[in-house]
Every structure is written in structure tokens, then in C-alpha cells.
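Participant: how would this look folded up:
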Amino acid sequence: MMIGLGACGYRPPTFSVPGPSELTTRVRALLSSDDESAAEYRRARVELEEMGPEIDTVLVALAYDPTARAVVRANALMLLADRRSHAALSTLRWTLLTSREEIMRAAAVMGLHRLAPDSPEADNAVRGALSDPSRLVRLNALQGMDVQDATMIRELVRRERDPQVHFVARQLLALFEARGAPLANDPGGLYRTTLFQGESGLVYRPNAGPPQARIVSGRLDLDSGNGRLLPLADDVEMVRDVLPAFFSLDRSAVVLESARSILIRDLETRETIFVGPGVAPRPIPFTNAIVFLRQSPEGPRTTADGTELRYDVLRVEFTGENLRRIGELRVLARPDRFGYASPVRWMTVGETGDGWVLRVDGEPIFQRSHMFEIQEPAEDAEAS
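Facilitator: Model (predicted):
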């Protein structure tokens, strides 16, 4: 179900338009500069960002000034977001909802992206922009999507008629499925990963019988695109429709979990690398490495709310080399949630400003900087 911006009950932001002043003139000049050199752009941005809160009223007024050039109004919106102005959210949402100009709605979406990590209202507005009639606005909205938006993106893929938007949406959906987004089953009960024409895909066939608390076991096959299925593994468990399997970056191998062990299947040689005991493999963003979890020797601990499960966090390359422990995490399995399954079975991996993060139900459970990938010596993590 798509989330809209609904105008009902929503009031436009209020502001007082400043009269002609040296500040207004200076801000307008900086925002409308035709000098596109990097040095001049940085100089103008620094000057604007160092101005005090009195600039916010000027920026809001410029954003709504019909006599100002479009580039000035769009830049004013972006600067409001960058400054985290108290007027930013209301101004950006109102612009996205009411503006007839594509460039203004597109700028509003980009500004809302900057606010979304700390604002559910901004995040909701960005999602609503997926229904905008403008291709540019929809593309800008897709730039801010994350794993939790996979269901919404899947709906967009089904209805989107613009080839460019459709292509980008499918790319994102395939990426997010690998990072832990749930799959959708087809009328025949099979689960298939998103793929493009000519590509291979993964097909999951649940065993017969009703699923218990959204936990199913089944067989994983490779669909080579010519109607033939290559068996990859039996005893593959899926919880909450999250498939613990994905392709390497070059699609030459498949990483999967079978019988609570991590395997890497080379699609060219048909060889299988046994990495070791573990669950919940996920690709580490922008690397040739995998993260997965292995239950700690300390074992589970019973609490008043459920069972605390402790895991070692391990990293290994797609080749099966350089296996090492990089940390630990704890989660709580509850008897009233999905058959007492461990929450790591529906864990997702996402990007951060300087690295990546593992999340369960949107909450971080483990975070790591890419700097550690360079600086930290390997720690032995051979299977026991």
C-alpha cells in the first residue's frame, strides 16, 4: 500500500517575508550564482552555512518567491535541509505536495532525504513521492530507499511504466533482497529473487505442509534462465520470507545457509566451499565480503521476556578466504514471536556514513566502520 502525503488536515508553513535588505540580497546572489566551479561553490556554501538562524526566514521566503529563478528556490530548499532548520520539514513537505514545478518537487525530495534518518515524517513524505507523476521525482525518491522499503518498491515495479524508473527500482529490489528483505511468493508457492532478462536467479521451493509461525524449510535451486533448475541445497530454512542466500557481486557464486552452516557454491566449477557453522549470511555493502553469525560458546541465557542469544559476528570473503571474527551481538528470542525463532533470521544489512550496520526490525544490533576492514588484524575464527 503506497503512502501518500494527504493534504487533509495539513496546513502550509507560515512565515513573514523580509523586506529588501542586505542579507536578503546577499543570500539571493549566492543561491543564484552561475559560477559552477568547485571552489566558488564551496565558498558560497560555506558563507551561507555560517550565517545565523536569521537566514532561515530568508530561505523560506525565497523558496516561495514566484519571481525568483527556479535554481534559487531549489537551492533554498536544499540549504534549509542542510542547516536542519526548524522550518525545513514543513517547507519541504508543502513544496512536494503543492508545487506544479518538477524541479521544486525533485529538490524537495532530496532535501527530505537529508532529514529522513531523524524524522519519520520526512521518511514518509519520501515514500509518498514514489507516486509523483514526474519521473525525476520518483527517481530521486528511490535514492533514499532502504531494505525496509522493499515491499513498497516491489509494488512500484509491478505498476511502473517508465523504463528508467522500472530498471532502477528492480535493481534496488534485487539489492535489498540480498540484504535481508523478504521475498514474495508466486501463485505456485515458489519464492524467486528479482532478476533481469538473461540473468540467473534463485528459486526457493518450500516443503509440503503448512508453515509453522512463518518458518519453513525447503530446497534452493538456481534458475539459469532457460527453464532448467540446478539444485543448490536442501534443508534451507526461511523465516518471515527472508531467504538466507544471495549472489556474489560478479554473480559467479551463491552464498547460502543450509543446515545451519554457511556454504559458497561456485557456479562455474560447481564446487562447494564449506565455510563453517553459522546462520544469516548477508553481503557487506561495497565489499567482496560476507558477514554471518555463529552462536557463542557461552550459550543462551533465559530471561523474564524470553531467551537471550549470543552470537559471534564473522566475516569472510566470497572466495571463502580470510575468515575472521569481528565482534559479537545479542538478541532476544521471544516465545510469542515467530515460533521462538532467533530475530537474526530476518536481520538486514544496511549502509551507514562510514560503514555498515546490522538491524533487526529497524533497530541496530551491530555496527562497523569500513576503516576497521583496513586497520584491524585478522582474528582466527576457524570452525570448531
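Participant: for the longest helix belonging to the chain, packing partners?
Facilitator: Identified as the longest helix of the chain according to DSSP state H is helix 163-178. Here helix 163-178 touches helix 135-143, helix 150-159, strand 245-247, going by 3 or more Cβ pairs under 8 Å, 6 or more residues apart in numbering; DSSP states H and E. Backbone N, C-alpha and C define where each C-beta goes, glycine included.
Participant: one more time with 10 Å
Facilitator: Judged by 3 or more Cβ pairs under 10 Å, 6 or more residues apart in numbering; DSSP states H and E, helix 163-178 is in contact with helix 135-143, helix 150-159, strand 201-206, strand 245-247, strand 279-283, strand 348-351.
Participant: I'd like the mean pLDDT over the third one, please.
Facilitator: Okay, so that is strand 201-206. Computed over strand 201-206, the mean pLDDT rounds to 95.
Participant: to the chain's geometric centre, what's the distance from it?
Facilitator: In terms of Cα atoms, centre = their mean, to the nearest Å, the centre of strand 201-206 is set 23 Å apart from its chain centre.
Participant: Please parse the chain into its domains.
Facilitator: 22-144, 175-375 (automatic domain parsing).
Participant: Where does pLDDT dip in this structure?
Facilitator: 1-21, 33-42, 44-45, 197, 209-211, 213, 372-384 (pLDDT under 70).
Participant: Could you check how far the residue most central in space within it is from residue 116?
Facilitator: Centroid-nearest residue in the chain: residue 146, 2.0 Å away (criterion: Cα atoms, centre = their mean). From residue 146 across to residue 116, the span is 9 Å (Cβ to Cβ, to the nearest Å).
Participant: and what of residue 173?
Facilitator: Residue 173 is 19 Å from residue 116, by Cβ to Cβ.
Participant: For the two, indicate the residue with more neighbours.
Facilitator: Shown here are residue 173 and residue 116; by other Cβ atoms under 10 Å, residue 173 has more neighbours (23 against 19).
Participant: where does residue 250 land in three-state SS?
Facilitator: Under DSSP: H, G, I helix; E, B strand; the rest coil, residue 250 falls in the coil class.
Participant: Also residue 314?
Facilitator: Residue 314 - assigned by three-state DSSP - is strand.
Participant: need the contact list for it.
Facilitator: Counting by Cβ atoms under 10 Å, 6 or more residues apart in numbering, residue 314 touches 262, 275-278, 281, 290-294, 323-327, 379, 381, 383.
Participant: Now, those that are in helices?
Facilitator: Of the contacts of residue 314, none are assigned to helices by DSSP H.
Participant: out of those residues, which are buried?
Facilitator: Taking 16 or more other Cβ atoms under 10 Å as the criterion, what is buried in the contacts of residue 314 is 262, 275-278, 281, 290-294, 323, 326-327, 381.
Participant: ok, those residues vs residue 120, which is closest?
Facilitator: Ranked by distance to residue 120 (Cβ to Cβ), the buried ones among the contacts of residue 314 are led by residue 291 at 27.6 Å.
Participant: Now do the same contact list for that closest one.
Facilitator: Under the criterion of Cβ under 10 Å, 6+ apart, the contact partners of residue 291 comprise 278, 280-285, 313-316, 326-327, 347, 349, 356, 358, 366, 368.
Participant: how close does it get to residue 31?
Facilitator: With distances taken as Cβ to Cβ, residue 291 is found 43 Å from residue 31.
Participant: same thing with residue 322?
Facilitator: 49 Å.
Participant: and residue 113, what element?
Facilitator: Using DSSP states H and E, residue 113 maps to helix 102-115.
Participant: CA atoms only: put that helix into PDB for me.
Facilitator: Coordinates of each C-alpha in helix 102-115 appear next as PDB, following Å, rounded to 0.1, in the frame of the first residue of the first chain:
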ATOM      1  CA  GLU A 102       9.100  19.400 -11.300                       C
ATOM      2  CA  ILE A 103      12.400  20.900 -10.300                       C
ATOM      3  CA  MET A 104      10.900  22.100  -7.000                       C
ATOM      4  CA  ARG A 105       9.400  18.800  -6.100                       C
ATOM      5  CA  ALA A 106      12.600  17.000  -7.100                       C
ATOM      6  CA  ALA A 107      14.600  19.300  -4.800                       C
ATOM      7  CA  ALA A 108      12.100  18.900  -2.000                       C
ATOM      8  CA  VAL A 109      12.600  15.100  -2.200                       C
ATOM      9  CA  MET A 110      16.400  15.400  -2.000                       C
ATOM     10  CA  GLY A 111      16.000  17.700   1.000                       C
ATOM     11  CA  LEU A 112      13.700  15.300   2.700                       C
ATOM     12  CA  HIS A 113      16.300  12.500   2.200                       C
ATOM     13  CA  ARG A 114      18.600  14.500   4.400                       C
ATOM     14  CA  LEU A 115      16.000  14.800   7.200                       C
END
